[in-house]
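Trainee: Please find the sequence and the predicted model below.
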There are 2 protein chains.
Amino acid sequence: MHATIRDVAAHSGVSIATVSRALNTPELLNAETLAKVRESIEALDFMPSARGRQLRGVRTRLVGVIVPTLANPVFAESLQGIDEAASASDYRLMLMTTAYDSARERRAIETLREQRVDGLIATVADAESNPLLDELDRIHLPYVLAHNDTVRRAAVSVDNRRAARDGVFALLQRGHKRVLMLAGSFAESDRARLRYRGYENAMLDAGLTPYAPLEMDFNAEELPPSLLAHLSDPLRRPTALFCSNDRLAMIVIRGLRHAGLSVPGDISVLGFDGIPLGEWLSTALSSVATPNREIGRHAWLRLAKQLGLPGDPDDALDPIAFKLPHSVRIGATIASYIEPAARMAALEPENPA
Amino acid sequence: MHATIRDVAAHSGVSIATVSRALNTPELLNAETLAKVRESIEALDFMPSARGRQLRGVRTRLVGVIVPTLANPVFAESLQGIDEAASASDYRLMLMTTAYDSARERRAIETLREQRVDGLIATVADAESNPLLDELDRIHLPYVLAHNDTVRRAAVSVDNRRAARDGVFALLQRGHKRVLMLAGSFAESDRARLRYRGYENAMLDAGLTPYAPLEMDFNAEELPPSLLAHLSDPLRRPTALFCSNDRLAMIVIRGLRHAGLSVPGDISVLGFDGIPLGEWLSTALSSVATPNREIGRHAWLRLAKQLGLPGDPDDALDPIAFKLPHSVRIGATIASYIEPAARMAALEPENPA
DNA sequence: CTGAAAGCGCTAACAG
DNA sequence: CTGTTAGCGCTTTCAG
């Protein structure tokens, strides 16, 4: 099948050691010998096998990457960040997806261990009490979690609670008082739970009573009755909705408009994730933006440090968990709240400046 | 570092051959021996090394995947499709991105060859005359192109020309005659060129004169002057725009609205790619949808066939290039063209039913 | 049913 | 400067 180092040696009439040196330390070779060997390499289409090589050394220069899905742009971006950073250190990625399924997480880790990856970057369903991760600790396989928001393990994420709190605060600052939080499924992600806590914090800090979170189906065409019920009374309905992610926010905006409500005229909407497409909507989506690519990049940097790679000297401090800054992106889906009375007045024909 | 088969053998007092059998052909072992060995495996956290194993056999059960970027949802979806299908056959993915750069393409292929991947799935900048691919042919490394639309090599894609033609035809069917095509950059992709040819075909078939394509910057905040010039005269401007991809379409819609034009009231817009988010816009994006996940899946299936894997018996035929069906998704960004006269009439106060 | 031993492709002493 | 040789972790005859 493939030419081996032995074939090249035979072809050029030298020993395999010389061929190996031609590959790894060409400066140690006689120019003529080197040329001769290189010719044979060309002629035979020889390409040294990383397998054979890695069998000796400890390092494989392979990183395992485990993400739930690539359908979510958040993870695609993050993977992009990992890829860019790891490539720069001449590391290769081995990708596995899990669909948030713990059986698949287990298989992914097994596979990656068999492949002798030097380390792992993973986004898991449950970061806190996770036997799989405990096992990684036990066998000393370096890993870094990405997006998982925990202090118990090496992780890179935003501070989801604070990010959500800041986002909701931006709504409250604009005069909103009745802010409702919508979430996909809390079961799926610890992150959604942390975001709800952030929402609670912001409401309580402002002396307001948080609503219970409203879980809704991600793929529904229509807004769920539970939400519609909330919206029926124009004078008491929420004036702003905080959605636990951008996809949900887009679905909700569409549903609200179908229901005859204007965004942000009648109701403001804030998402979470800051997916790039959101900015390109005709009504730019307001969102708590997370630096996904940076999360990926930093996950790699932390792993690289665990692996003892050179690395930038400027990332000195090394807390176990690593929080990257989020930002609240105010687009066009948020308006300041106007008291109904003032709103009426504004509609009067002659309104004094 | 890691426990090896020898450690396990020593720990359980058997030979390494027996441990190997415990792993691969447990049915050949005495139950007690097997149990003993398994205990040792547990105790030592032993995980067989794919490297050692693959050194002997020919197959690595590794596929290399080369895509330009994951920032484009088209490729993220396609990768998802490859991943799902390859995982099902117990193959692992090794991912490399190239940013459409041919030097990176070269390095990616080298790396993957060194890793002894059994085959390659790639999306390249230039599929027709590509020395890298010629070399793959020469060394008999099985590969399948994904998204590249060529008949010269094994490829899975939609028929970009026909897909574009069908999309434009849908516009013409709705009465549009002045249809302009917008593209990101033709240099970047052979696909964009094929789409323009499809646009030309549709126009010529309808007895209309195609406009020259208008290339525009992808990241601009504002519409380019060249486009604005086209839009200045309400009576002669294009009534529909065909954008070579969805991202462009979203940017354009936003720009049009900023410029005071209504979509689809004043002007219709059609995109290409059918990214899922497009359907969730408040004005659902019309688009020529390509089955990206399926493209990934079929790319794997074709590769699997080249690799001699069992595979579904129902994909009998085997043309080199493989075209998957596209579909024209009519959203809310397309309206039927109304003659200016009729339009005036419709605005009259008393309009007979 | 189990063990001994050869060998997969390569690197790294160690000699020469 | 170059060749010889001993493994790296595993599978696979071939004997027993």
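Mentor: Sure thing, it's come through. As the structure is a prediction and not an experimental result, all values here were calculated from the model.

Trainee: how about low-confidence regions in chain A?
Mentor: A:1, A:187-188, A:218-219, A:312-319, A:343-353 (pLDDT under 70).

Trainee: Show me which residues of it sit near DNA strand D.
Mentor: Neighbours of DNA strand D within chain A, by C-beta under 7 Å from any atom of the strand: A:13-18, A:21, A:28-30, A:32-34, A:52, A:55-56. All C-beta atoms are positioned from the backbone trio N, CA, C, and that covers glycine.

Trainee: Of these, which is the most crowded?
Mentor: Using other C-beta atoms under 10 Å in any protein chain shown as the neighbour criterion, A:T18 leads the residues of chain A next to DNA strand D with 21 neighbours.

Trainee: what sits against A:I139?
Mentor: A:113, B:45 (C-beta atoms under 8 Å, 6 or more residues apart in numbering or on different chains).

Trainee: switch to 7 Å and redo it
Mentor: B:D45 (C-beta atoms under 7 Å, 6 or more residues apart in numbering or on different chains).

Trainee: How about A:R61?
Mentor: Contacts of A:R61 by C-beta under 7 Å, 6+ apart are A:90-92, A:118.

Trainee: repeat that for 10 Å
Mentor: A:50, A:53-54, A:86, A:89-92, A:117-118, A:307, B:111, B:115 (C-beta atoms under 10 Å, 6 or more residues apart in numbering or on different chains).

Trainee: Select only the buried ones of the residues you listed in PyMOL?
Mentor: Selection of buried members from the contacts of A:R61 for PyMOL, criterion 16 or more other C-beta atoms under 10 Å in any protein chain shown:
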select buried, (chain A and resi 50+53+54+86+89+91+92+117+118+307) or (chain B and resi 111+115)
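
Trainee: Which of the contacts of A:R61 sits closest to A:T209?
Mentor: Checking the contacts of A:R61 against A:T209 by C-beta to C-beta gives A:A86 as the nearest, at 46.8 Å.

Trainee: For that closest one, which non-adjacent residue is closest in space?
Mentor: A:W300 (5.1 Å; C-beta to C-beta, 6 or more residues apart in numbering or on different chains).

Trainee: Is that neighbour within a helix or a strand, and which one?
Mentor: helix A:292-306 (DSSP states H and E).

Trainee: Thought A:R116 was touching A:Q54, still the case?
Mentor: Yes. With contact defined as C-beta atoms under 10 Å, A:Q54 reaches A:R116; the gap is 7.3 Å.

Trainee: any shared contact partners between these two?
Mentor: With C-beta under 10 Å, 6+ apart as the test, A:Q54 and A:R116 both reach A:60, A:62, B:49, B:51-52.

Trainee: show me where chain A has helices.
Mentor: Taking DSSP state H as the test, the helices found in chain A are A:5-12, A:16-24, A:31-44, A:50-56, A:73-88, A:102-114, A:131-139, A:160-173, A:190-205, A:225-231, A:246-258, A:292-306, A:340-347.

Trainee: distance of the residue in the stretch 51-200 of chain A positioned nearest to DNA strand C from A:T209?
Mentor: Closest contact between the stretch 51-200 of chain A and DNA strand C, by C-beta to the nearest atom of the strand, is at A:G52 (2.9 Å). For A:G52, the distance to A:T209 equals 67 Å [C-beta to C-beta, to the nearest Å].

Trainee: and the residue of the stretch 51-200 of chain A closest to DNA strand C, what is it in contact with?
Mentor: A:4-5, B:51, B:54-55, B:114, B:116.

Trainee: which parts of the stretch 51-200 of chain A sit against DNA strand C?
Mentor: Residues of the stretch 51-200 of chain A lying near DNA strand C (C-beta under 7 Å from any atom of the strand): A:51-53, A:55-57.

Trainee: one step back: a markdown table for the helices of chain A, including distance to B:N130?
Mentor: Shown next, in a markdown table, are the helices of chain A (distance: least, C-beta to C-beta, whole Å):
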| stretch | distance to B:N130 |
| --- | --- |
| helix A:5-12 | 27 |
| helix A:16-24 | 26 |
| helix A:31-44 | 20 |
| helix A:50-56 | 24 |
| helix A:73-88 | 21 |
| helix A:102-114 | 32 |
| helix A:131-139 | 41 |
| helix A:160-173 | 45 |
| helix A:190-205 | 43 |
| helix A:225-231 | 52 |
| helix A:246-258 | 37 |
| helix A:292-306 | 29 |
| helix A:340-347 | 63 |
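
Trainee: among those, which is nearest B:Y337?
Mentor: helix A:246-258 (25.0 Å).

Trainee: Just want the angle from that closest one to helix A:73-88.
Mentor: For helix A:246-258 against helix A:73-88, the angle by axes from the mean of the first three to the mean of the last three C-alpha atoms, to 10 degrees is 150 degrees.

Trainee: Helix A:246-258 close to chain B?
Mentor: Yes. For helix A:246-258 and chain B, the contact criterion (C-beta under 10 Å from any C-beta of the partner chain) is met by A:246-258.

Trainee: In PyMOL, select just the buried ones from the residues you listed.
Mentor: Only the buried entries of the residues of helix A:246-258 next to chain B go into this PyMOL selection, using 16+ other C-beta under 10 Å:
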select buried, chain A and resi 246+247+248+249+250+251+252+253+254+255+256
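
Trainee: and which of the residues of helix A:246-258 next to chain B is nearest B:R152?
Mentor: The closest of those, once distances to B:R152 are taken by C-beta to C-beta, is A:R247, at 39.2 Å.

Trainee: List the contacts of A:R138.
Mentor: Contacts of A:R138 (C-beta under 10 Å, 6+ apart): B:D45.

Trainee: distance between the ends of stretch A:16-33?
Mentor: Taking C-alpha to C-alpha, to the nearest Å, the first and last residues of stretch A:16-33 lie 12 Å apart.

Trainee: Any residue of it touching chain B?
Mentor: No. Applying C-beta under 10 Å from any C-beta, one finds stretch A:16-33 separated from chain B by no less than 10.9 Å.

Trainee: could the shared contacts of A:Q54 and A:R116 go into JSON lines alongside distance to B:A43?
Mentor: Shown next, in JSON lines, are these (distance: C-beta to C-beta, whole Å):
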{"residue": "A:T60", "distance to B:A43": "25"}
{"residue": "A:L62", "distance to B:A43": "26"}
{"residue": "B:S49", "distance to B:A43": "18"}
{"residue": "B:R51", "distance to B:A43": "23"}
{"residue": "B:G52", "distance to B:A43": "20"}
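
Trainee: A:M94 and DNA strand D: what is the separation?
Mentor: 18 Å (C-beta to the nearest atom of the strand, to the nearest Å).

Trainee: so that residue touches B:M94, yeah?
Mentor: Yes. The pair A:M94 and B:M94 qualifies as a contact (C-beta under 10 Å) at a distance of 5.9 Å.
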